[in-house]
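Peer 1: give the three-dimensional model of this entry:
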Amino acid sequence: MTSPMFSGAEIPELCDAIKDIHRLLTSVGVFFSELDGAEDPGGNGLQIDFKKWGIRTIAEDLLARQYEKIDRIVGIYQEEQEKMKEKGRRNR
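Peer 2: This next block holds a predicted model:
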């Protein structure tokens, strides 16, 4: 059942944002684990550390974008809830 508080495009957008976050975290976790296991015990690890920093930076940026989408949709939902409450108070 779809909520009348959201337009047709917002619900799939929210679901896609959540799925994107899951895929991103899964992919980054797997890649990060592979890098961690690839580090040469005798080396200084700078190349691996730089790659880890890059992954973390990219992941944080992508997650921030997805969270912005989710926050925007939550804001819309909260505004609609307030409108419904006000409408309910007026109809009493």
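
Peer 1: what stretches of the chain score poorly on pLDDT?
Peer 2: Scanning the chain for pLDDT under 70 picks out 1-8, 36-45.

Peer 1: A17: how many residues sit nearby?
Peer 2: Neighbours of A17 under the rule other CB atoms under 10 Å: 19. (Each C-beta comes from the backbone N, C-alpha and C, glycine too.)

Peer 1: packing partners for the lengthiest helix in the chain?
Peer 2: Longest among the helix segments of the chain by residue count, using DSSP state H, is helix 46-90. For helix 46-90, the elements it packs on are helix 10-38, judged by 3 or more CB pairs under 8 Å, 6 or more residues apart in numbering; DSSP states H and E.

Peer 1: which residues belonging to the helix it packs on are considered buried?
Peer 2: E10, E13, L14, A17, I21, V28 (16 or more other CB atoms under 10 Å).

Peer 1: any idea how far the last one is from C15?
Peer 2: Same thing as V28. Here the distance between V28 and C15 works out to 21 Å (CB to CB, to the nearest Å).

Peer 1: likewise the fifth one?
Peer 2: Distance from I21 to C15, counting by CB to CB: 11 Å.
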